[in-house]
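>>> With the input below, show me the fold.
(2 chains)
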There are 2 protein chains.
Amino acid sequence: MYDIKQWRHVFKLDPAKPISDTDLETLCMSDTDAIVIGGEDNMTEDNVLHLMSRVRRYPLPLALEISNIESTVPGFDFYFVPSILNSKDVKYHNGQLHEILKTYGHMIHFEEMIFEGYVVRNPESKVAQYTKAKTQLSIEDIEAYAQMANEMYRFPVFYLDYRGTQGQIEELRAAQALLSTTQLFYGGDIDSFETAKKIADIADTLVVGDLVYEDIKKAIKTTKIKERT
Amino acid sequence: MYDIKQWRHVFKLDPAKPISDTDLETLCMSDTDAIVIGGEDNMTEDNVLHLMSRVRRYPLPLALEISNIESTVPGFDFYFVPSILNSKDVKYHNGQLHEILKTYGHMIHFEEMIFEGYVVRNPESKVAQYTKAKTQLSIEDIEAYAQMANEMYRFPVFYLDYRGTQGQIEELRAAQALLSTTQLFYGGDIDSFETAKKIADIADTLVVGDLVYEDIKKAIKTTKIKERT
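Residues are numbered from 1 along each chain as shown, chains lettered A, B, ... in the order given. I've put the predicted structure just below:
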């Protein structure tokens, strides 16, 4: 399925974390819509290429979430390009992107680039620390970022990233209410099918990452959110 | 003419600078396509409202280029919202905008908002100083910003601001070559019809500001770029 608008569930795999062939096969043959390779501050050309080559055995869409220029390699179906809307450092708004465009701009297929208006919510997460994210946000802040993504930047994706904590349902709901064309991605702790279901009732697309490494069976179960009841 | 895509020429008036009724009438009854009210760090609610009420006697489109939240008032046909792509301060990327959306987000008509990917070129200009713009840019930098505006942010406008200096033709040409849907605005010193013509042959829309206050007759002559020869 190569229309990201249809994606309800994706697995996000960290190239720096080991995963067995069996587990990888289980994930790739599950009901998920796609695999996204993305990490924190530990992505390298080597580990990205290695994981890419392992996932490419399976016939499902594969995306790279760009984290740094060194680990951005050709061969993916899509490239997710986050712009951290609540970062205090312009590097994470458009600075890195500017470097990427200067170097690769002439060879990029822009139809493969999916731009994400990204909001980092958990102050304790590594991503909050290295992107210098301002995480003390009210519902009104979240709403303003959602409007910004939907109306002004017209990003295809608005990503609320709670990784390391559980998402706040009322924030998701407030954001979703303001998104007419932009797709709402949720990333954050999912401990069971029930949690996944509750979030997927609001978010358009659920990103399941950590659970893959903690409990593969539970992770696979989260793909069942796609069965409409 | 209420389709900005058709605008070839606009006058930009600074609400902090005095202008006589006669001069204002001459500008508003000229062949220009629109009046934009915009200034540097000196825009206030009072001076914006005052100039707005004077221009509203004339039947041409009137836009406000947003500079700060205090001077952003209702009553304009369009609001130009600059995001300073080469600023070192996130305030001028999306920070101010975030404040505006938090306060007014629920009442904004987004079809009136024209988002500008803005690049400040002259290090000596006030705008460069207060937006903390990184102005040492190569042609490759300009190209990357143009691509960013056109392909990723999908802004309707890419604005190269050379105010206080003359624009560099080769930069304009390089930017224009990468803009397929985004409209290229030029702002900068124009000293004659000939200069205006040279720039308008490349840029989509010419913004004439300072010349209005220096030589009104020459300013009016620049509207003649619209006559295709």
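>>> which SS state does the closest residue to A:Pro82 other than its chain neighbours fall under?
Closest residue to A:Pro82 apart from its sequence neighbours, by CB to CB, 6 or more residues apart in numbering or on different chains: A:Tyr118 at 3.9 Å. (Glycine included, C-beta is placed from N, CA and C.) Following DSSP: H, G, I helix; E, B strand; the rest coil, we place A:Tyr118 in the strand state.
>>> Am I right that A:Tyr118 is in contact with A:Tyr159?
Yes - using CB atoms under 8 Å, A:Tyr118 is in contact with A:Tyr159, at 4.6 Å.
>>> shared neighbours of those two, which are they?
Common contacts of A:Tyr118 and A:Tyr159 (CB atoms under 8 Å, 6 or more residues apart in numbering or on different chains): A:Pro82.
>>> Which positions in chain A make contact with chain B?
Within chain A, the positions adjacent to chain B are A:81, A:85, A:87-90, A:93-94, A:97-98, A:101-102, A:105, A:108, A:110, A:113, A:115, A:140-141, A:143-145, A:147-148, A:151-154 by CB under 8 Å from any CB of the partner chain.
>>> Apply 6 Å and report the result again.
Chain A has residues A:90, A:93, A:98, A:101-102, A:105, A:110, A:115, A:140, A:144, A:147, A:151-154 near chain B, with proximity defined as CB under 6 Å from any CB of the partner chain.
>>> Among those, which lie within helices?
Taking DSSP state H as the definition of helices, these contribute A:98, A:101-102, A:140, A:144, A:147.
>>> Next, format the residues you listed as TSV and append pLDDT, distance to A:Glu124 and neighbour count.
Formatted as TSV, these follow (pLDDT from 0 to 100; distance: CB to CB, whole Å; neighbours: other CB atoms under 10 Å in any protein chain shown):
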residue	pLDDT	distance to A:Glu124	neighbour count
A:His98	95	29	21
A:Leu101	93	32	23
A:Lys102	93	34	17
A:Glu140	97	23	14
A:Ala144	98	23	24
A:Gln147	97	27	24
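>>> biggest separation within those, which pair?
A:Lys102 and A:Glu140 (36.1 Å; CB to CB).
>>> now the helices for chain A?
Counting by DSSP H, the helices of chain A are A:21-28, A:45-55, A:95-104, A:126-130, A:139-147, A:169-178, A:193-200, A:210-214, A:216-221.
>>> Please enumerate residues in contact with the third one?
What it means is helix A:95-104. A:69, B:140, B:144, B:147-148 (CB atoms under 6 Å, 6 or more residues apart in numbering or on different chains).
>>> who's in contact with A:Leu49?
Going by CB under 6 Å, 6+ apart, the list of residues near A:Leu49 reads A:Val73.
>>> mind running it again at 10 Å?
A:15, A:37, A:71, A:73, A:75 (CB atoms under 10 Å, 6 or more residues apart in numbering or on different chains).
>>> Quickly list what A:Asp161 is bridged to.
Applying DSSP bridges to A:Asp161 gives these bridge partners: A:Val120, A:Gly187.
>>> Quick check: it vs chain B, distance?
17 Å (CB to the nearest CB, to the nearest Å).
>>> Please tell me I have it right and A:Gly164 contacts A:Asp210.
Yes - judged on CB atoms under 10 Å, A:Gly164 makes contact with A:Asp210 at a distance of 8.0 Å.
>>> Mutual contacts of these two, please.
Contacts common to A:Gly164 and A:Asp210, judged by CB under 10 Å, 6+ apart, are A:188-189.
>>> ok, back up a step: give me the number of residues near the residue nearest to A:Pro82?
Number of residues near A:Tyr118 (other CB atoms under 10 Å in any protein chain shown) recorded here: 28.
>>> Quick check, it in contact with A:Tyr145.
Yes - here A:Tyr118 lies in contact with A:Tyr145, judged by CB under 10 Å, at a distance of 9.2 Å.
>>> got any residues that touch both of the two?
Common neighbours of A:Tyr118 and A:Tyr145 (CB under 10 Å, 6+ apart) are A:85-86, A:158, A:160.
>>> Let me know the closest of these to B:Met43.
Of all the shared contacts of A:Tyr118 and A:Tyr145, A:Leu85 has the smallest distance to B:Met43: 25.4 Å, by CB to CB.
>>> shouldn't that closest one be in contact with A:Asn150?
No - between A:Leu85 and A:Asn150 there is no contact under CB under 10 Å: 11.9 Å.
>>> what touches both of the two?
Residues touching both A:Leu85 and A:Asn150 (CB under 10 Å, 6+ apart): A:117, A:158.
>>> Which of these two has more residues huddled nearby?
Between A:Leu85 and A:Asn150, counted using other CB under 10 Å, A:Leu85 has the larger neighbour count: 30 against 21.
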